[in-house]
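Enquirer: With the sequence up front, the predicted model follows.
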Amino acid sequence: MLAEAASTIEFVRPPRVHSTCIRIGDVSFTLTGFSSDDTRISRELEPFQDCGQLPEIEIQVEWADRLLSQPVKPVFDSGALWTLFREGSEFVFDFTSPAFGATPYKRLRAISDFRNARLTLSREAMRNHYPVFPLEYPADELLITNYLSSGLGVEVHGCGLVDSATGGHLFLGHSGAGKSTTTMLWKSLRDPQILSDDRIILRLHHGELWMYGTPWHGEAAFALPGSAPIRRIFILEHGDQHKITPLTPSRAVGELFARCFPPFHNARALERTVEFLECILDAVPVYQFQFVPNAAAVNAIIGFHD
């Protein structure tokens, strides 16, 4: 009888009593763990704390004594902090850095829709690096961009600002195109709310295009959790005069794609990203904005009419 009774007993893990709620790009997620250390967030993420809605993404944090390097070839290598592997239906991101040794210091496992994930930290790698922020960049960005890639939105390389008189303005550009310069010009002349000087999330709501601030800022270090609708998109390019040129739909999609952050490791997600960019063109026009970095550049945008 005792042996039979013992065989029916199951080990129950203690509840995860600590949690932190965050919202970026109108995507809410919850970080849960067994201690407050498991759910500590970095200073950049603190303005984005928000528990106002049910989580769309749930992340469980746990610790391992050591994380071993994967014995198989990666599906994708970012060439920087992370490498992607596939295990069945799971995406497995290994994070490495010379500062933490040769083996991964963190591993993120996510199912294919990225609504549930498990974040494992290495005690060996982290032993001399406290405090620890489990969701620290780029883990937070990877979760958001992969989740949005099902057709829900896209992250773009640009600066977004909200002027009190003229509303939302979005300027896209590669590094060196003038995003930070544009941000500082508007700040000095109009004092707008600056959602980000480097990375913005775009989403569609009832046919209207909205931009959202992110924590992943650029040189000017502007990052706010606000949002605003936008009526047009400008592609920044340095020039010898101020000139605004409408782009054809085919060229506009190409220019937008070149300045967005799609999951290159996932062919279906890439297709959906392009489809979403095409939907953007149904909502707003896209223009090339050749500009000189002076006050007249701001006036050119304010005075522009389609």
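Expert: Okay, I see it.
Enquirer: For Ala267, which residues are in contact?
Expert: The contact partners of Ala267, taken as CB atoms under 8 Å, 6 or more residues apart in numbering, number zero. C-beta here means a position set from N, CA and C on the backbone, and glycine is covered the same way.
Enquirer: For it, give its distance to Ile144.
Expert: 20 Å (CB to CB, to the nearest Å).
Enquirer: Then Leu204?
Expert: As judged by CB to CB, Leu204 and Ile144 stand 16 Å apart.
Enquirer: Who has more neighbours out of the two?
Expert: Each of Leu204 and Ile144 had its neighbours counted (other CB atoms under 10 Å), and the higher figure belongs to Ile144 (25 against 17).
Enquirer: so what's that one scoring on pLDDT?
Expert: The pLDDT attached to Ile144 in the predicted structure is 95.
Enquirer: For it, which three-state class applies?
Expert: Three states are possible here, and by DSSP: H, G, I helix; E, B strand; the rest coil the one that applies to Ile144 is helix.
Enquirer: which ones are touching it?
Expert: By CB under 8 Å, 6+ apart, the residues touching Ile144 are Ile24, Gly25, Val27, Glu155, Ile201.
Enquirer: Repeat that for Lys187.
Expert: Taking CB under 8 Å, 6+ apart as the definition, contacts of Lys187 comprise Ile194.
Enquirer: Can you tell me the element it falls in?
Expert: Assigned by DSSP states H and E, Lys187 belongs to helix 179-189.
Enquirer: In PDB, list the C-alpha atoms belonging to stretch 240-252.
Expert: The C-alpha trace of stretch 240-252 is given here as PDB (Å, rounded to 0.1, in the frame of the first residue of the first chain):
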ATOM      1  CA  ASP A 240      22.500  70.500 -49.900                       C
ATOM      2  CA  GLN A 241      19.000  71.800 -49.700                       C
ATOM      3  CA  HIS A 242      15.600  70.900 -48.100                       C
ATOM      4  CA  LYS A 243      13.700  68.700 -50.500                       C
ATOM      5  CA  ILE A 244      10.700  66.400 -49.900                       C
ATOM      6  CA  THR A 245      10.100  63.800 -52.600                       C
ATOM      7  CA  PRO A 246       7.200  61.200 -52.600                       C
ATOM      8  CA  LEU A 247       8.300  57.600 -53.000                       C
ATOM      9  CA  THR A 248       6.500  55.000 -55.200                       C
ATOM     10  CA  PRO A 249       5.000  52.100 -53.300                       C
ATOM     11  CA  SER A 250       7.600  49.600 -54.400                       C
ATOM     12  CA  ARG A 251      10.500  51.900 -53.500                       C
ATOM     13  CA  ALA A 252       8.800  52.900 -50.200                       C
END
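Enquirer: buried ones in that stretch?
Expert: Taking 16 or more other CB atoms under 10 Å as the neighbour-count basis, stretch 240-252 is seen to contain the buried residues His242, Leu247, Ala252.
Enquirer: try stretch 182-189
Expert: For stretch 182-189, by 16+ other CB under 10 Å, it's Thr182, Thr183, Met184, Leu185, Trp186.
Enquirer: Could I get the contacting residues of the nearest residue to Leu84 once chain neighbours are set aside?
Expert: Excluding the flanking residues, the one nearest Leu84 by CB to CB, 6 or more residues apart in numbering is Phe76, at 4.2 Å. Counting by CB under 8 Å, 6+ apart, Phe76 makes contact with Thr83, Leu84, Phe264, His265.
Enquirer: what about Phe76, distance to Pro263?
Expert: Noted for Phe76: a distance of 9 Å to Pro263, by CB to CB.
Enquirer: just Ala139 next, same as before
Expert: Applying CB to CB, the value for Ala139 to Pro263 is 14 Å.
Enquirer: The particular helix or strand that has Arg231 in it pairs with which strands?
Expert: Under the criterion DSSP H and E, the helix or strand holding Arg231 is strand 227-238. Strands that pair with strand 227-238, judged by DSSP bridges, come out as strand 167-172 (parallel), strand 208-213 (antiparallel), strand 286-291 (parallel).
Enquirer: just the angle between the helix holding Lys187 and strand 167-172, please?
Expert: Helix 179-189 and strand 167-172 are oriented at 150 degrees to each other (axes from the mean of the first three to the mean of the last three CA atoms, to 10 degrees).
Enquirer: following helix 179-189, which helix or strand comes up?
Expert: Per DSSP H and E, helix 179-189 leads on to strand 193-196 as the next helix or strand towards the C-terminus.
Enquirer: Show me what counts as buried in that next one.
Expert: Judged by neighbour count using 16+ other CB under 10 Å, the buried positions of strand 193-196 are Ile194, Leu195, Ser196.
Enquirer: The first one and Gly158 touch, don't they?
Expert: No - counting by CB atoms under 8 Å, Gly158 is not a contact partner of Ile194; they are 11.8 Å apart.
Enquirer: just to revisit the earlier point, could you export the buried residues of stretch 182-189 as JSON lines, including distance to Pro98 and pLDDT?
Expert: Rendered in JSON lines, the data for these read as follows (distance: CB to CB, whole Å; pLDDT from 0 to 100):
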{"residue": "Thr182", "distance to Pro98": "35", "pLDDT": "95"}
{"residue": "Thr183", "distance to Pro98": "32", "pLDDT": "94"}
{"residue": "Met184", "distance to Pro98": "34", "pLDDT": "94"}
{"residue": "Leu185", "distance to Pro98": "38", "pLDDT": "95"}
{"residue": "Trp186", "distance to Pro98": "38", "pLDDT": "96"}
